[in-house]
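**Q** Return atomic coordinates for the entry below.
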Amino acid sequence: MTELLEKAIEKLKTLPLSEQNAIAAMILVELEDEHQWDEAFARSPDLLAKLAAEAMAEYHAGKTQELDPDAL
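**A** You can find the predicted model right below:
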């Protein structure tokens, strides 16, 4: 376990149980979501490469536009 994670856990231990459980639930959901993304990409590396190639082709063809950072 990293030092940063140990520090976070020590701080979590000082919270009321309901807050500890809420944070634990959020962490578990995030970990599961990350796992599902990893599996999805592992099952379809060709699709991901195809989508990247299509995006680059659109960019080179001038079919894209810059995002306005203030609009995000």
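
**Q** Give me the most central residue, the chain.
**A** residue 34 (6.3 Å; C-alpha atoms, centre = their mean).

**Q** Any chance of the backbone angles for that residue?
**A** Dihedral angles of residue 34 (phi, psi; degrees, to the nearest 10) stand at phi -60, psi -40.

**Q** which sections of the protein are below the confidence cut-off?
**A** The chain contains residues with pLDDT under 70 at 72.

**Q** any chance you could map the helices in it?
**A** 3-12, 17-43, 45-60 (DSSP state H).

**Q** report the angle between the axes of the last one and helix 17-43?
**A** Angular relation of helix 45-60 and helix 17-43 on a 0 to 180 degree scale: 80 degrees, by axes from the mean of the first three to the mean of the last three C-alpha atoms, to 10 degrees.

**Q** which other residues reach helix 45-60?
**A** Residues from elsewhere that reach helix 45-60 (C-beta atoms under 8 Å, 6 or more residues apart in numbering): 41, 64. Just so you know, the C-beta spots here come from the backbone N, C-alpha and C atoms, and that holds for glycine as well.

**Q** what comes up buried for it?
**A** Within helix 45-60, no residue counts as buried by 16 or more other C-beta atoms under 10 Å.

**Q** repeat for the first one
**A** When neighbours are counted by 16+ other C-beta under 10 Å, no buried residue of helix 3-12 is found.

**Q** List the contacts of that helix.
**A** 20, 23.

**Q** orientation of that helix relative to helix 17-43 in degrees?
**A** Going by the same axes, to 10 degrees, helix 3-12 makes 150 degrees with helix 17-43.

**Q** Output helix 3-12 as CSV - backbone C-alpha positions only.
**A** Extracted C-alpha coordinates of helix 3-12, given in CSV (Å, rounded to 0.1, in the frame of the first residue of the first chain):
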residue,chain,number,x,y,z
GLU,A,3,2.0,6.1,1.8
LEU,A,4,-0.7,8.3,0.3
LEU,A,5,-3.3,5.6,0.5
GLU,A,6,-2.3,4.8,4.1
LYS,A,7,-2.7,8.5,4.9
ALA,A,8,-6.1,8.6,3.3
ILE,A,9,-7.3,5.5,5.2
GLU,A,10,-6.1,7.0,8.5
LYS,A,11,-8.1,10.1,7.8
LEU,A,12,-11.1,8.0,6.8
